[in-house]
Structures are given as C-alpha cells and as structure tokens.
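J.: sequence first, then the predicted structure, then my questions.
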Amino acid sequence: MVDLTQYLPILLFLGVAVGLSALFVFLPMGVSRLTGAHNPDAEKLSEYECGFPAFEEPRDRFDVRFYLIAILFIVFDLEAAFLFPWAVSLDLTGWPGWITMMTFLVELLIGLAYVWKKGALDWE
Amino acid sequence: MTEFFQSLGMNYEWAWFVATIAGILLIALPLMLGVAMIIYMDRKVWAAINLRRGPNVVGPFGLLQSFADGLKVFLQETIIPSAANKGLFIIAPILTFTVALLAWAVIPFGPEAVLADINVGLLYIFAVSSLGVYGVVISGWASNSKYPFFSAMRASAQMISYEVSIGFIMVCVVLWAGSFNLNEIVLAQKGHGLGFVNGYFFNILLFPIFVMFFISALAETQRVPFDLTEAESELVAGYQTEYSSMSFALFWLGEYANILLMCALMSILFFGGWLPPVDWEPLYVVPGIVWLLGKIVFFFFMFSWVMATVPRYRYDQLMRLGWKVFLPLSLFFVFAVSGWLMLTRFAA
C-alpha cells in the first residue's frame, strides 16, 4: 500500500508555486496601471511582424513530421514506462524477466528500423 | 523541523504544516535567488570566454545586474496582443514557472534535507519535467503569431525527442542503483569507483550514459547548441516573442530553473549528489548541501562553456542526433547494463 501522505508536501508545493507564479504575472499588471506604464494602443497590441502588417494566418499548415515525431514519442515513451518497473525488480524476475524484456526491446527496435527505413526520421 | 515548531507549543498537525510551508519557501526562494545569480554567472562566463567584461556596473562586479533587470521588467507594461487567446496567454508563463519550481520538491540536499522523500522520486522528476512542454505549446498557440507558433512546434518536437533517450538513460541508472528514490541512488554511489570515488561517472558502462545525458540535457533545456527555438535570426525570440514584462521574465526564470534542475540531476545521478567526491572520512564534515551546490555550479559552468564555444545545430542534425544516434545507443546501454548486472549481481 502506498503511503500517500508523503505526497502531501508536493501538493502544498504546487499551491505555493502556482501562487508565486500567478503573483509574478498579475502583480506587474496592477503596478503598471498605478505607475502609468500601462498605455496600450492598436499598434502595440498587434501581432509581431518585421515592420509590415502580417499577411498570413499565423496558425497555418505546418509540417506533418511534427505529428510523426509526436506519435513516435508516444510509442517510445510508453516503452520507457514499461522499463521503469522492470528496472527495479530485476533481482526478483531474474533471467526470465530479462529475456522477456529484451524480446520486447528487439520488437520495438524492429519498429524503429521500419520507421527509419521509411524515412520518417529524415528532415531535409 | 516539525519538532522545532512543536516545541513552540503547536500541536503536531499544525507544526507539520508550518514546517512544510517553511521547507517549501526554503527551496523556492533560494532557488529564485539562485536563478538570478546563475544568470549573472552565465553572462560573466560567456563574457570572459569572449574576452569581454560582461555586466560590471550595477553593484560590486555587477553582482546586482539580475536584480536590476528584474526590477525593470517588473515595472514594465504587460502587453496582451489583441489577437491572442487571453486566458491561455496568461496561463502559459504561470504553468512554465510552476512546473520548473515543482520538480525541486524531491531533490535531496542532504541525507535528511529533502522536502518529499518519495519512493519514486526520479519518476516524479521525469513526469514533472515532461509537463514543461505544455507551457511552450500553449504560449506558442495562444500568441496567435507566426514566429511563436513555429518556435513552439520546433521546441515541443525537440523536447519530446530528447525526453525519450533521457528516459532510457534514467533506466540505466535505476538498474544500477536498484531504486527510484533519489537518496538511495545517491547512497548507492558511495565508494562506487575503485572503492573510493563517489559517483557513477567512474563506471565504464555508465560514463557514456553520462555524456549522453549531458547532451540531452542541453537539448531538453534548449541551450546552445540546440537553441533553435529562439534562433534570433529566424524566429525573433521564439515562443516568448509576444510576451512582455514579468510574463516574459517568467519564461527565462523557468528555463534557468530547469537548467539548474538538470545540473542537479547530473550531480545526483552520476556524481554522488550530496556525497563528497571521494569516500574519505574528513570530507564528510562538510555538509552535503555544499557538495551538491558545488557540483551544480560546476555543471552550470560546463553549460556556459558550451554556450560560449559551440555554434548552433541545424534542425535536421538535431533530430538525427536525437532519433538516430541517442535513441538506439541508449537502448543498447539498457541492454548492456541490465545484461552485465544479470551476469554479475543477480547471477543466482
């Protein structure tokens, strides 16, 4: 049974950290109104471009490779998630555990080789 | 610390609560001070390598430069672009900084000096640091501007690519230490190298892992030579382009807090954390936090050194290094380390 009380300081830390960061964001907003620095105009609030009006939708199409990377990441990160519990129980599972995990790794390596050969990892 | 507050006449629950809050502030506030000083150190090291002077006007030797900068951005106007998604735009810096602080909850500064001594400390750090990518993606999307958007795409792909190999690298260390608890990982390194060197870096199988971790840490925190996300010649200032005032500074604070975290992780995973460098009795008189901070500063100096000397990578080179070199290599080391341990330690 997991002792959840040892995570309580982390929960408190989360509260303090959110509080501190929110303070850092919202306090200057108030201060700038008091000091008179807060003085927005249409040009200031427009999106950044190098001296001319922006002419394209910013959220335009982007390269499909970013999707591929994200999907591959999920595959290999899940693999790492399987490795974590295995890594701390290697003395208990012994050779059968080791051989099983190595088989699993080889299967994923085949997947990596396939992706590699298909050119999904290439950027030009 | 709970006992101290109990001696002031509080009951146990209140004493624990006050002690925990005090502990949190004892981590968070010195961390922010440390980030301010480390930015100063970064600029000084960089300047020294370039034969410049660096900041030297504000305070003695320019020591107060970061605080002057902080005050400046604090008093500036917060600009929220009219095209931005306002809610997300404000949440992004808060999220980035919160996550950067949060990972420090489990870092052991000494045998007892750890806020939350949880049994899966390393896994917790891995999980929290991977949340950092959300701040980047949200800021890039919410800005509704071209350069932040491109930068956010690049940054998120880069961060998740190197996270994969960092995961496998952590597995190697965990295999050797036999635990996810950071204190136990530190203690497992006692006298590891030749019986007197504290740390895994002296281990022939783990030293290449350390080198890979160092390079992956550079990529994960978007430091030079992997700072493509803020390549100023292409992307202005990266995903922070539309930000101003303290919201802009929070991204920098978060980034440097993450760099410090990576330095701390390198010290803890490979260089014995709060243990002295060699297992020699008189060195244990020095408190552990001094050794840990010394190692963190040493690794940060290495980061600055790299920043001052190495040119920037191209994006395809970056991805090739991550997916075609580090991923197979770290998988191989999972095989090699676990196989070696099976043969030597668990051969029963």
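T.: Okay, I see it.

J.: A:Phe76: neighbouring residues, count only.
T.: Using other CB atoms under 10 Å in any protein chain shown, A:Phe76 has 22 other residues around it. Bear in mind the C-beta positions are built from the backbone N, C-alpha and C, glycine included.

J.: which residues does residue 58 contact?
T.: Chain wasn't specified; assuming chain A. For A:Pro58, the contacting residues are A:47, B:83, B:143-146, B:149, by CB atoms under 8 Å, 6 or more residues apart in numbering or on different chains.

J.: that's the wrong chain, I wanted chain B
T.: B:Val58 neighbours (CB under 8 Å, 6+ apart): B:64-65, B:67-68.

J.: that one and chain A, how far apart?
T.: Applying CB to the nearest CB, to the nearest Å, one obtains 20 Å for the distance of B:Val58 from chain A.

J.: element containing that residue, please.
T.: Following DSSP states H and E, there is no helix or strand that holds B:Val58.

J.: quick one: the residue in the stretch 101-250 of chain B that chain A sits nearest to from B:Met319, how far?
T.: Residue nearest to chain A within the stretch 101-250 of chain B (CB to the nearest CB): B:Gly167, separated by 3.4 Å. The gap separating B:Gly167 from B:Met319 is 17 Å, by CB to CB, to the nearest Å.

J.: next helix or strand past the helix or strand bottoming out on mean pLDDT in chain A?
T.: Across the helices and strands of chain A, mean confidence by mean pLDDT, DSSP states H and E is lowest for helix A:42-45: a mean of 74. Towards the C-terminus, the helix or strand next in line after helix A:42-45, according to DSSP H and E, is helix A:65-88.

J.: the inter-axis angle of the helix or strand following that following helix versus helix A:65-88?
T.: Using DSSP H and E, the helix or strand that directly follows helix A:65-88 along the chain is helix A:90-118. In this structure, helix A:90-118 runs at an angle of 160 degrees to helix A:65-88, with axes from the mean of the first three to the mean of the last three CA atoms, to 10 degrees as the basis.

J.: tell me how many other residues surround A:Met74.
T.: Just so we're on the same page, residue A:74 is Ile rather than Met. Under the criterion other CB under 10 Å, the count of neighbours that A:Ile74 has is 11.

J.: how much space between it and A:Ala80?
T.: With distances taken as CB to CB, A:Ile74 is found 11 Å from A:Ala80.

J.: where does pLDDT dip in the chain?
T.: Chain wasn't specified; assuming chain A. Filtered on pLDDT under 70, chain A yields the residue ranges A:1-2.

J.: switch to chain B, that's the one I care about
T.: Applying pLDDT under 70 to the predicted model, the residue ranges of chain B that meet it are B:231-233, B:347-348.

J.: surely the residue of the stretch 101-250 of chain B closest to chain A meets A:Ala80?
T.: Yes: with contact defined as CB atoms under 8 Å, B:Gly167 and A:Ala80 form a contacting pair (3.4 Å).

J.: could you chop chain A up by domain?
T.: Domain assignment for chain A by the TED database gives A:1-60, A:61-123.

J.: the least confident helix or strand of chain A and chain B in contact?
T.: Yes: residues of helix A:42-45 are located near chain B by CB under 8 Å from any CB of the partner chain, namely A:42, A:44-45.

J.: output those in a markdown table, with neighbour count appended to each entry.
T.: Output for the residues of helix A:42-45 next to chain B, formatted as a markdown table (neighbours: other CB atoms under 10 Å in any protein chain shown):
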| residue | neighbour count |
| --- | --- |
| A:Ala42 | 7 |
| A:Lys44 | 12 |
| A:Leu45 | 14 |
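
J.: mind putting the residues you listed into JSON lines with distance to B:Asp279?
T.: Conversion of the residues of helix A:42-45 next to chain B to JSON lines gives the following (distance: CB to CB, whole Å):
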{"residue": "A:Ala42", "distance to B:Asp279": "66"}
{"residue": "A:Lys44", "distance to B:Asp279": "60"}
{"residue": "A:Leu45", "distance to B:Asp279": "61"}
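
J.: what is the nearest of these to B:Phe298?
T.: Comparing the residues of helix A:42-45 next to chain B against B:Phe298 with CB to CB places A:Lys44 closest, at 43.6 Å.

J.: verify the stated contact: the closest one with B:Ile79.
T.: Yes: counting by CB under 8 Å, a contact exists between A:Lys44 and B:Ile79, whose distance comes to 5.9 Å.

J.: please identify the helix or strand for residue 25.
T.: This is for chain A. Here A:Val25 sits within helix A:8-35, counting by DSSP H and E.

J.: please go with chain B instead
T.: With secondary structure defined by DSSP H and E, B:Leu25 is part of helix B:12-49.

J.: what helices or strands is that helix leaning on?
T.: Taking 3 or more CB pairs under 8 Å, 6 or more residues apart in numbering or on different chains; DSSP states H and E as contact, the helices and strands that helix B:12-49 lies on are helix A:8-35, helix B:2-7, helix B:65-75, helix B:245-270, helix B:288-309.

J.: mind redoing it with 10 Å?
T.: Applying 3 or more CB pairs under 10 Å, 6 or more residues apart in numbering or on different chains; DSSP states H and E, we find helix B:12-49 packed against helix A:8-35, helix B:2-7, helix B:65-75, helix B:86-102, helix B:245-270, helix B:288-309.

J.: and the shortest one, what other elements does it pack with?
T.: So that's helix B:2-7. Taking 3+ CB pairs under 10 Å, 6+ apart as the contact definition, the neighbouring helices and strands of helix B:2-7 are helix B:12-49.

J.: tell me the gap between stretch B:260-273 and the middle of its chain.
T.: On the basis of CA atoms, centre = their mean, to the nearest Å, the separation between the geometric centre of stretch B:260-273 and that of its chain is 9 Å.

J.: what's the answer for stretch B:213-231, then?
T.: The chain centroid and the centroid of stretch B:213-231 are separated by 12 Å, computed with CA atoms, centre = their mean.

J.: now do stretch B:311-321
T.: The offset between the C-alpha centroid of stretch B:311-321 and the centroid of the whole chain comes to 21 Å, using CA atoms, centre = their mean.

J.: and the contacts of the least confident helix or strand of chain A?
T.: B:77, B:79-84, B:242, B:244 (CB atoms under 10 Å, 6 or more residues apart in numbering or on different chains).

J.: out of the residues you listed, which two sit at the greatest distance?
T.: The widest separation within these, taken as CB to CB, falls between B:Glu77 and B:Ala83 and amounts to 17.7 Å.

J.: you'd agree A:Arg59 is up against A:Glu47?
T.: No: with contact defined as CB atoms under 10 Å, A:Arg59 does not count as touching A:Glu47 (11.5 Å).

J.: now residue 93: closest residue in space that isn't a chain neighbour?
T.: Since you didn't name a chain, this refers to chain A. Once its chain neighbours are removed from consideration, A:Thr93 has its nearest residue in A:Trp86; the separation is 7.3 Å (CB to CB, 6 or more residues apart in numbering or on different chains).

J.: please refer instead to chain B.
T.: Using CB to CB, 6+ apart and skipping the chain neighbours, the partner closest in space to B:Pro93 is B:Leu250 (3.9 Å).
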